[in-house]
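Participant: build the 3D model from these lines:
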Amino acid sequence: MRKLILAAGLISMLSACGGGGGLFNRSRPDEFAVSRQAPLVIPPDFALVPPAPGTPAAASVDSSKAAMEAMFGGPAARSPGESATLNAAGRANAAAGIRSSVGDPATEVVDKGATTRDIIAAPEGDGQDARAATPQ
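Facilitator: Down below sits the predicted model:
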């Protein structure tokens with residue numbers, strides 16, 4: 001009985017392999033019928049106007065300021081939620097030049113110890129080779 005069921009299963013699996021060629025008889029695109037398209041052309045912008053007399057030339061614009069403006073944009077209005085969060089965090093109590101003085105060598109910091117330095121300096125990975133040790 002087992003042999004009969006096994007034979008029927010093998011025959012049904014082999015019958016799935018036949019029939020029409022499947023992968024090899026399908027229509028494919030002709031790779032030699034592909035033609036090149038014309039290159040893209042940027043149309044002229046007729047909305048541009050010549051600069052007014054007395055305005056600074058475009059070459060005299062400070063490139064570093066222009067790059068900062070392009071990357072980060074200008075000052076944007078804060079949403080009510082963002083303003084509420086900043087106020088709750090103590091925006092009014094922050095020193096004006098705090099970002100400039102953080103990297104100052106005279107700034108006092110708390111030493112977090114060697115363990116924190118080891119964690120920060122640990123190589124990046126998936127953790128498969130990680131080992132834990134208990135100090136004696």
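Participant: how much space between Glu69 and Ser63?
Facilitator: 11 Å (Cβ to Cβ, to the nearest Å). From N, CA and C alone the C-beta is placed, and that goes for glycine too.
Participant: should've said Ala132
Facilitator: Taken as Cβ to Cβ, the span from Ala132 to Ser63 is 52 Å.
Participant: before we move on, what about Ile5?
Facilitator: Taking Cβ to Cβ, one finds Ile5 at 79 Å from Ser63.
Participant: distance between stretch 42-55 and the chain's centre?
Facilitator: Offset of stretch 42-55 from its chain centre (Cα atoms, centre = their mean, to the nearest Å): 35 Å.
Participant: same check on stretch 79-86?
Facilitator: Worked out by Cα atoms, centre = their mean, stretch 79-86 lies 26 Å from the chain centre.
Participant: next secondary structure after the longest helix along the chain?
Facilitator: Criterion DSSP state H: the longest helix present in the chain is helix 2-17. Moving toward the C-terminus from helix 2-17, the next helix or strand (DSSP states H and E) is helix 63-72.
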